[in-house]
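[1] fold the following for me, if possible:
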Amino acid sequence: MDRVRITRTLAETFELGRQIGQRLQAGDILSLSGPLGAGKTQLAHGITHGFLGEEVPTNSPSYTIANRYQVGELCVYHIDLYRLEDLEDLESTGYWEMLEDPEAIVIIEWLDRIAGAQPLDYLEFRLSVVEAEAAADGEDRQHRRIACPDDSRFAELCHD
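    A predicted model of the protein is given here:
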């Protein structure tokens, strides 16, 4: 059975990401999968902030394909494969070099879109929208289901 966490706002999704990021080690590779609007980028921003230990300006890599964030010796690569079609497209991005950086963590959105792009070892977080609430204040009230990998570092964050 998956370890699951439900978040009720984008702020909660970011905070879960921050807590995940605090538990990561250089060399970890994460896959964030789920449909458009499921909260992958928000979770990635939280993970980045949690791993780096401070707030840094982050942007979605939807058009740049990959963003790099660094604080001191700590580094995060945030990669979005949504706009790529195949391994040939991937070759020009520096993807394989990023995966091999032992001083960084790598967060990959849409890893499932490109056959053959999967690293040998990675942690998969699967996101989905499970329901939405109407909010008078305009706040996003989509409830997100985040299935976490079976890794003891995340046991207290994501429950059976």
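
[2] can you give me the helices for this protein?
    10-22, 40-52, 87-91, 95-99 (DSSP state H).

[3] and the ones you listed: which comes nearest residue 66?
    helix 95-99 (6.6 Å; Cβ to Cβ). In short, each C-beta sits where N, CA and C put it, glycine included.

[4] can you list the residues that contact the closest one?
    29, 66, 77, 79, 104, 106, 117, 119 (Cβ atoms under 8 Å, 6 or more residues apart in numbering).

[5] can I get that helix in PDB, CA atoms only?
    Taking Å, rounded to 0.1, in the frame of the first residue of the first chain, the C-alpha atoms of helix 95-99 are listed here in PDB:
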ATOM      1  CA  TYR A  95      20.100  15.900 -18.600                       C
ATOM      2  CA  TRP A  96      22.500  13.000 -18.200                       C
ATOM      3  CA  GLU A  97      25.200  15.200 -16.700                       C
ATOM      4  CA  MET A  98      22.700  16.600 -14.200                       C
ATOM      5  CA  LEU A  99      21.800  13.100 -13.100                       C
END
